[in-house]
Structure formats: structure tokens, C-alpha cells
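Enquirer: Build me a structure from this.
(3 chains)
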Amino acid sequence: MRIIVSSTCQIVSVLVPVYVDSSYSYRVPNGPLDTEDGAAPSKLVAGQVVKVPLGPRSVLGVVWDDDVAFTDNNRLKDIEHVYHGTVLSANFRKFVDWIAQYTLAQRGMVLRMVLRGEESLLPPKPIKALRLAGPVPARMTKAREQVLSVMEGGLAQVKADIVERSGVSASVVDGLVKAGTLEPCFLPAPALVATPQADFAAPRLSEQQEVAAQQLRQAVAADCFAGLLLDGVTGSGKTEVYFEGVAEALRHGKQILIMVPEIALTGAFLDRFEARFGVRPGEWHSGQSQRYKNLIWRGVATGEIQVVVGARSSLMLPFRDLGLIVVDEEHDGAYKQEDRVIYNARDMAVVRGHLSGFPVVLASATPSVESHNNALQGRYSRIHLPDRFGGQSMPDIALIDMRANPPEKGHWLSPVLIEAVNETLEAGQQSLLFLNRRGYAPLTLCRTCGHRFQCPSCSTWLVEHRFRKQLVCHHCGHCEPVPPACPACGQEDSLVACGPGVERIAEEAASLWPDRHIVILSSDLIHGVQQLRTELELISSGKADIVIGTQLVAKGHNFPAMMLVGVIDADLGLAHGDLRAGEKVFQTLAQVTGRAGRHTGQGRGLLQSYAPDHPVIAALANGDREGFYTYELEQRHRAMMPPFGRLAAIILSAEDREAALSYGRLMVRAVPRENDVRVLGPAEAPLSVLRGRYRFRLLVATPRSFSLSPWLRLWLSQCPKPKGSLRVQIDVDPVSFV
DNA sequence: CGCCGATCGCTC
DNA sequence: AGCGATCGGCGC
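Expert: Coordinates of the predicted model:
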């Protein structure tokens, strides 16, 4: 950093959290600078947080490493305030720059993901308390005696505690303050999160787990970057294994971040952490209060908080001395941020480890194709747990060929699956019927005129939700009541539901097993986290006989009594245009069938399919994981898609169909046909309508050697600016970083 | 002739 | 991104 120190003042570069890539220059005033503790710093250093004037307002910013480029003394403004105690480390600053450069975002927007409000920079407020001060009051009462006995020993206590312990009203305590017997005082704020103990409760590990744990301990002790893919089947005890890595980092005095998809951040997970380390970790997710998050932010910056368990955004916390990141369920799509700065927190975690020199553990029962390939190529070390813990065997997976075993007309459960559920019920065990589709029916049409209900602002069919008595668009959330007559031809009672959703499966199950306890688990029928937890506990305790669920049930919850998992439509999703369609189907179905017999005996998984020969379905049925990855890698290689190429989706959206199309054609012409750049233009990426806007994705695929970001940046700056309400957004998909 | 609304462009 | 500056609608 070249900081200009003229004879009169110091000029520094400050990155501000606004929509710009460059840092701005500010003058450090000569006089004593305004700080929260009154101390006057002589010089500012990179990483310090400051408050600066910006346009009409003042914002927080960070002194950055850039050379001071703007030296127009007349237009320079003064730094208003410097905050102490929180300095962003050099590695972390490099990380911010790296993300911006890679995701084609402005550095200011990345910094915005890091900084919070001013409260996170100030020391926590001391707590108001009361302590014994003066003589016993002249007028003594029973209640006052009780208060004094509570205060015996002279320790200061919070007023609410005094009231509770002495069983008197608050006004009695106030009276004693007035009489001078008690006086107000301030206690330092207690630590938000207690220190986890590395050896609080050492676990009982299998031989296989112990070998894996040892690898993690060594990687942590080596204190340098390593990518570790912890690939363990469902029920293999991955969590216990990576907890050993966490314990080792604690022994080395390092901070640890455990990232989980938001939905997996349940009380059950935190309980397991507490059982292992004796205390709860810091919890970082959208449900936490602003106050708590500010305290966590400051706590990790000062180093007071050792371990944080958090969702995606926890990656941007300014840890003082991070020594390990664990990304649990690394394949999960929830790690990808789709708005503003588009990034995948799993990949950025690897980058953070690489820049700062510590190991990063990616854990999953179904690793992403990218991570699997990185392990194959030797960029990550693969730590494999092929067996379940405690000698439990993997579920027995079988296909039901629906062409040979069709369900009754208008029904969706094949005779084979119904029989399997019957057997499971008779054995007193739980079944899960899985269908990744909310609502009653995915398509509603009029049997008289053939009218189909379509979303007015998206190019999708409306899904009937019979419990809510509404037609819902799953893309934009538009909903309307189910009309009594067809809006096109006016015919009454002419609407028919086509295809199944979970509600329809629940209806069918209720008619087949009327006396059984059936629970339906679908995100639109669950109101809030609390209800979800209640329902999950109900299932865990074995009170439900049959569970019918969507994606919600595939996400790592434990159901001890679950012995049969029936997949209603294994082919669902395979036909989607998404380049990761096959991978998603494989991961979801492997995870959901992995729920069967996890704790007790031999579980079963049954996959209903009309395409049993499809490589993804066949690999699932045969338990041939390697076969799946081989197939998927071949497909990706041919299309030059991740992990073999870098893929950028240029997302165009416009209110005007013609504007979107013509600008798209312009872009396709502009992309250079060199370095094996491949463009999927408007012809191949059809125009769709989303929330009333015409949009398409222009996919640009390049091999790894080609540096896409600089080219895209240049191109966007040179090409004619989109007119009118045309919006261009860039979504960069990952390759490997190390 | 005047006031509110889309579009433009800057932030040290 | 946000926020002020700037030009255009038509209301009386």
C-alpha cells in the first residue's frame, strides 16, 4: 500500500460498501481523530474500519491496500471516525478482492456483505446492576429483609434477578435504592458464547472413523491449506469425524467455522455440538436477532468467539484467526447466492482457506460432481467412509418398473409399493413416500375445451393446492382461487387435475390406509421453523405410520423408525434443461433413500420409474456411485461444463420481448469464437417469462485455462448499453480453484 | 405556467 | 445500490 503522507496530512484509500469497484481516497485529519475510546491514533493502517462522508450521507468503510490514486486535494474529504478493536486481516482483504474479481461483482458490494451497522463495532454495553452500598434502611419490612438476604455477600446482581430470587415486587427494590441501601452499578457484559472444550466428551469412534479423524487432525496440525473431501454414506458418522478436526483446531487455539445449509441448522445439530464440546457454538443464520449477530460479528473479529455454526453468509464473518472451515452437505444448492453478488459459499470457503493457509473440509454423502472430480484429480484429499456406523447395513434399493407394474388408473402407487408399505406397517415400522412436488396436481385443464391454467406473469402452469383451495405459480408465488367453471368456455365442473403432487399422494394413502397415522410434510403446509421442528420430532418419536413428503424430508433429519422409503416418481427432474438435473436427482434420491434403516436393521428403498434404463436411475438402483460420477463427468466433459470448463450465464431480462431478443443476438455475435469458447445463444436457451419479464440465459462455456472474468468485464464495458428496462446479470459457475 | 414522475449519473 | 439532478407529462 502506498499511503501518501504529505507535510500536512495522511491520505488513505478506503473501500466503501456501495456499488463501485474502486476504493476512494480520504484525508486523515491532523487533529486528534474521533474514536470511541478517546485514544488518538497516529497513523491509520489497512484493515481499520472507519466512518467516512459519501455524497450526502456518511458510511462505514475499511482502509484498503490500494495505492492512493485520487489526489485532487480540493475534493478530498476527511475521515470522520476510526473504530478500534476490529481490524480486517490482510488475508481477509485479499479474500474480498478475490471474490469481486471472480464473480464479476464490485468490490464495494462484496464489502457490503461483510460490514454490518455501527453497533457491531462498539464494545458491548455494560449491564446495569445493583449492589449493597449503604446501611440497613431505617424502616425495615419483611420484603426488604428478603431482598437484603439475597444481596448478602456483596455481589452485584441484575435487578430482575433480585426480584425473582427474593420474591418481592420491583418497587421494593426501587425503594431500597432510594433509601441508599442499594446503589446502581455496571457489570461488564458476560461472554456471549462460552469456550468450547476440545476434550469435553471424546466420542467412541469406529476404526474407519478413527482413521478419517486422524487424517483431519493431521491436516489441521499441519497449519496449511488442504482441500479435504469427507465422503461418507448416510449414517457413517461424518459429523463425529469432522468434530475431531474441530477439536484439533481448538487445541491449536484457532477459530473454526462450520457451515451448514440453513435448514440443517436445527436444535438437534447444536445439541450434538454441545454434547461433544460442552457449550453451544455461536449461531449465525437469518433467524437470529440483529443484536445477537452484531455481538457474534464483533466476537469473531476480536477472537473471543472460537466456533461459529452458520448458514451461507457466515463465510463473510471477519474471523481474527481462522484455522478450519467445515462445509457440511457441500453439494447443497443452498450455498449458492443468486442475487446481488452471485457466489457459491462452498467454493469461496475453499478460496478463503487457500488464501489464509488452513484446511477446508467438504463433507457430504453425495458429493457434488465438481468436488468429486477435484478429489479424482488429486486437488482434494478424499477421506472415504463407505460403511455405516455401528455395523448397520445400507438400505436395499430396488427399482419398480412402472411399465410392467402400472398403478390403478388415476392412482400413483404401484401394487409393489403398496405391498411393501403393508409389510412395513405390519412390522410396526415407518414408511416414507417421497415426491418432490408440492400441491395437489401440477397441471389443471378443462376437459371440455382443453384450457390450461397458466401463470399470468410466468411461462409455467399453475399448480392446484387443494388444501388451500388455490392455484399457485411455483415460480413467482402468484395465486388465485380455483374457479367453479372454466374461464375459457364457461363449462362447470369440467376441470381435471393432471399428475400427482404430495397432497394427492396423501389422499391416495388415506384411502388405502384409513386407520393409520399419516403425516404430510411440505414447505407450503408448514408455518415457521417451530412447526417444522414439532412435526419432525413427531416423526422421530415414531408416532407417524406413513410420512408423505417433499424435498423437506431429504435434508439430514434423523428418523430412527423409518424403514421403507418409496420414491413416487424417480424420473422427476431428469428431463429439466438444468445442466445439473441428473446430479440433483441422484443426490436427492440417494439422500432420501438413505433415511431408511439408518439406526435399526435393514432398510428398503423402492424407486418407481418409467425410465429404469436411464444411467442415473440405474446407478441409484445398483448403488453404483462411481458409475454415476463416471457418466456425469462424461456428459459434462462433452458440453465443456463445470468441472471441465467455466460457465457464465449472462441473464437478460426485459419487459419487452423484442428488446431482449435483439440484445441477445447482439451478445451472441460479440462473443469471440476462440479458445474453445462455446455459446448457447437465444436459439438454444429459449426465452421464458418470469414475473412478467422476458428473460433468457446466454451460456458462455470456456475451458479452465481461459480467463473468463477479464474478458466479460471488458466486453460489458464496451458493448452498447442495454436500453430501457433491459437488465443484465452475470452468474458465474465454479470450476476448481487450487 | 407549474408540479410530480421516469431516467441519468455520481459517489473521494 | 441509493440518492440527488434533470428533463418530460398534462393539469388547470
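
Enquirer: Helix, strand or coil: sort out residue A:202 for me.
Expert: coil (DSSP: H, G, I helix; E, B strand; the rest coil).

Enquirer: Do you know the pLDDT at it?
Expert: As predicted, residue A:202 sits at a pLDDT of 91.

Enquirer: number of nearby residues for it?
Expert: Number of residues near residue A:202 (other C-beta atoms under 10 Å) recorded here: 10. For glycine as for every other residue, the C-beta is placed from the backbone atoms N, C-alpha and C.

Enquirer: cool, and residue A:555?
Expert: Number of residues near residue A:555 (other C-beta under 10 Å) recorded here: 18.

Enquirer: how about the residue found closest to it once you drop the neighbours it is linked to in the chain, phi and psi?
Expert: Among residues not flanking residue A:555 along the chain, residue A:263 sits closest, at 5.2 Å (C-beta to C-beta, 6 or more residues apart in numbering). Backbone geometry at residue A:263, expressed as degrees, to the nearest 10, gives phi -70, psi -20.

Enquirer: residues contacting residue A:263?
Expert: Contact partners of residue A:263, counting by C-beta atoms under 8 Å, 6 or more residues apart in numbering, are A:334, A:552, A:555.

Enquirer: rerun at 10 Å
Expert: A:285, A:311, A:329, A:332, A:334, A:523, A:529, A:532, A:551-552, A:555-557 (C-beta atoms under 10 Å, 6 or more residues apart in numbering).

Enquirer: Please, a PyMOL command that selects the buried ones among these?
Expert: This is the PyMOL syntax for the buried subset of those, where burial follows 16 or more other C-beta atoms under 10 Å:
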select buried, chain A and resi 285+311+329+332+334+532+551+552+555+556+557
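
Enquirer: So which of the contacts of residue A:263 sits lowest on pLDDT?
Expert: Among the contacts of residue A:263, residue A:556 has the lowest pLDDT, at 61.

Enquirer: what sits against the nearest residue to residue A:435 once chain neighbours are set aside?
Expert: Take residue A:435 and drop its neighbours on the chain: the residue closest to it by C-beta to C-beta, 6+ apart is residue A:568, 4.1 Å away. Counting by C-beta under 10 Å, 6+ apart, residue A:568 makes contact with A:407, A:412-414, A:417, A:433-437, A:500-502, A:504-505, A:508, A:548, A:606-608.

Enquirer: mind running it again at 8 Å?
Expert: Neighbouring residues of residue A:568 by C-beta under 8 Å, 6+ apart: A:412, A:413, A:433, A:434, A:435, A:500, A:505, A:608.

Enquirer: Nearest to residue A:402 among those?
Expert: Residue A:402 lies nearest to residue A:608 out of these, by C-beta to C-beta, at 5.4 Å.

Enquirer: ok, the residue nearest to residue A:435 to DNA strand B distance?
Expert: For residue A:568, the distance to DNA strand B equals 47 Å [C-beta to the nearest atom of the strand, to the nearest Å].

Enquirer: Do I have it right that residue A:212 meets residue A:239?
Expert: No. The criterion here is C-beta atoms under 8 Å, and residue A:212 misses it with residue A:239 at 11.8 Å.

Enquirer: Compare the two and say which is more crowded by neighbours.
Expert: For residue A:212 versus residue A:239, neighbours defined as other C-beta under 10 Å are more numerous around residue A:212 (27 against 21).

Enquirer: Confirm that that one sits in a strand.
Expert: No. Counting by three-state DSSP, residue A:212 is located in no strand; its state is helix.

Enquirer: Strands of the stretch 201-350 of chain A, residue ranges please.
Expert: Ranges of strands in the stretch 201-350 of chain A, per DSSP state E, counting those that start in this stretch, are A:226-232, A:255-259, A:282-284, A:307-310, A:322-328, A:336-337, A:343-344.

Enquirer: Same list (those) but as CSV, adding distance to residue A:384 and mean neighbour count.
Expert: Formatted as CSV, the strands of the stretch 201-350 of chain A follow (distance: least, C-beta to C-beta, whole Å; neighbours: other C-beta atoms under 10 Å):
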stretch, distance to residue A:384, mean neighbour count
strand A:226-232, 5, 24
strand A:255-259, 21, 26
strand A:282-284, 30, 23
strand A:307-310, 25, 23
strand A:322-328, 17, 26
strand A:336-337, 26, 16
strand A:343-344, 24, 23
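
Enquirer: one step back: now that we have the contacts of residue A:568, which one has the most neighbours?
Expert: Counting by other C-beta under 10 Å, top hit in the contacts of residue A:568: residue A:434 with 29 neighbours.
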